[in-house]
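Enquirer: how does the following fold in three dimensions:
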Amino acid sequence: MAFPTFSDDDFQANVLAAEGPVLVDFTAEWCGPCHRLKPEIEKLAGELGDRLTIGELNVDLSVRTAIAYGVMSIPTLILFKGGQAVARLNGFQPKDKIKAQLAPHL
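Expert: Take a look at the predicted model:
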């Protein structure tokens with residue numbers, strides 16, 4: 001499953017100004033734990049895809065946004081709702097843990 005890719009240039013329009021909640025996977029090509037997380041995110045999209053948008057942001061290509069949200073390690077998942085970061089998970093997480101963290105915001 002391919003997810004939308006966000007960048008410094010479109011983050012405001014596609015994430016912060018989005019109608020509904022957006023889960024952003026801050027990732028990089030070289031990141032092993034990021035690749036392990038991807039199947040968990042895909043399962044999550046299958047279960048919650050009707051309630052939120054899921055996309056990814058490559059921290060190597062969009063440094064400005066990663067710095068703006070204090071992303072110091074990857075993978076980092078941040079849920080944005082109404083233009084605000086409302087939930088954050090760092091490191092590899094199983095789908096059920098991610099889902100439990102997001103539930104209060106959906």
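
Enquirer: taking the centroid of the chain, which residue is nearest it?
Expert: By C-alpha atoms, centre = their mean, the mean C-alpha position of the chain lies nearest to residue 24, the distance being 1.8 Å.

Enquirer: for stretch 78-87, buried residues please.
Expert: For stretch 78-87, burial by neighbour count (16 or more other C-beta atoms under 10 Å) applies to 78-81, 87. Just so you know, the C-beta spots here come from the backbone N, C-alpha and C atoms, and that holds for glycine as well.

Enquirer: for these, which two are the farthest from each other?
Expert: For those, the farthest-apart pair by C-beta to C-beta is 78 and 81; their separation is 10.4 Å.

Enquirer: which residues in this protein form helices?
Expert: Along the chain, the segments classed as helices by DSSP state H run 11, 32-48, 63-68, 95-102.

Enquirer: who are the packing partners of the first one?
Expert: Using 3 or more C-beta pairs under 8 Å, 6 or more residues apart in numbering; DSSP states H and E, no helix or strand is in contact with helix 11.

Enquirer: and for that helix, what are the contacting residues?
Expert: Contact partners of helix 11, identified using C-beta atoms under 8 Å, 6 or more residues apart in numbering, comprise 57, 62, 65.
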